[in-house]
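1. Here is my input, please return the structure:
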Amino acid sequence: MRMRINKKALFIAVMSVTLAAAAFIIFLNSIYRLPILMYHSIDYTQDKKNKMVVSPEVFEAQMKFLRDRHYNVIPLEKAVGYISQKKRPPAKTLAITIDDGYEDNFKYAYPIFKKYNIPATIFVITGLVGKEGFMDWGQIKELDGSGLVDIESHTKSHKMLTYLDDAAVEEELFDAKRTLEKILGKEVRFLCYPMGRYDERVKAAAKRLGYKAAFATKATRLRPNYDVFEIKRVRISPTAGSLFVFWIKTSGYHTFFRTLPGKHEDLTRVIWKKKS
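-> Predicted coordinates for the structure are as follows:
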């Protein structure tokens, strides 16, 4: 009788673990979102609290990591295609974006993209082109003609669109798109919302003016959203100088790990050690 009870208990335990594991796998599949990395400035800084600046050395280490670990870094257009079709891409697929159009993007990031043959999109603020600290039109044209870097719109002057009236929103979106198309001689398809702020009115304006997709900042909910006019991204800050943190951010499950404050670092150390 005791042996039968033990067998039954063992069977129940095994089935419980199996079902729990299966449920967790289903859960992970349901929350996966294609990682679209978001950078700003690739430069040197003494301000350790500036989350918008990643040093060239850290940036190169991250790009080398992507190459050495055989990531599938795709152009933004392909990423939008996966999202719009609600399709899961092959493992280790991601896209890279940089906001604002700082001159350091050309000075530091561009040579690294060429070195590792990695495609990226840079969203430029057209009204700041040529101003101190920002790329000029010659640099932007070189980037866009490289075959690696795609230049897209970050509006005319980087004003928070949700605070503007309809006419001002249209001016910000249309002028930037028209200027880029005229100078670069191509269709500008993508928009990056300043500060990641948008609403239904702003989205409608972007659609009406011919944009094909628009990008915001970090995700605010666990499950993915397939609306291509509110695509969320993963911000890469100096904390991702640690490659196991960078690995989390490129996993497709970064939003899940962000719900475990204070715990995700120890967990990912274990996972990283097993994968190394």
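2. and the strand or helix carrying residue 99, what does it pack onto?
-> For residue 99, the host element (DSSP states H and E) is strand 93-100. Packing partners of strand 93-100 (3 or more C-beta pairs under 8 Å, 6 or more residues apart in numbering; DSSP states H and E): strand 36-39, strand 72-73, helix 76-84, strand 120-124. For the C-beta atoms, the positions are set from N, CA and C on the backbone; glycine is no exception.
3. Let me see the mean pLDDT of the helix or strand following it.
-> Remark: after strand 93-100, the chain's next helix or strand is helix 103-104, criterion DSSP H and E. Here helix 103-104 scores 98 as its mean pLDDT.
4. And for helix 103-104, what's in contact with it?
-> 41-43, 133-136, 139 (C-beta atoms under 8 Å, 6 or more residues apart in numbering).
5. Using the three-state scheme, assign the residue lying closest to residue 210 once chain neighbours are set aside.
-> What sits nearest to residue 210 in space, not counting adjacent residues and going by C-beta to C-beta, 6 or more residues apart in numbering, is residue 177, at 6.8 Å. On the three-state scheme (DSSP: H, G, I helix; E, B strand; the rest coil), residue 177 is labelled helix.
6. and residue 177, what does it touch?
-> Residue 177 sits next to 153, 188, 191, 209-211 when contact means C-beta under 8 Å, 6+ apart.
7. give me that answer again for 10 Å
-> 126, 152-153, 155-156, 187-191, 206, 209-211 (C-beta atoms under 10 Å, 6 or more residues apart in numbering).
8. out of the residues you listed, which are buried?
-> When the contacts of residue 177 are checked for burial by 16 or more other C-beta atoms under 10 Å, the buried set is 126, 152-153, 155-156, 188-191, 206, 209, 211.
9. Mind putting those residues into CSV with pLDDT, secondary structure and distance to residue 236?
-> Shown next, in CSV, are the buried ones among the contacts of residue 177 (pLDDT from 0 to 100; DSSP: H, G, I helix; E, B strand; the rest coil; distance: C-beta to C-beta, whole Å):
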residue, pLDDT, secondary structure, distance to residue 236
126, 98, helix, 24
152, 98, strand, 18
153, 98, strand, 21
155, 98, coil, 22
156, 98, coil, 26
188, 98, coil, 24
189, 98, coil, 23
190, 98, strand, 19
191, 98, strand, 20
206, 98, helix, 25
209, 98, coil, 29
211, 98, coil, 24
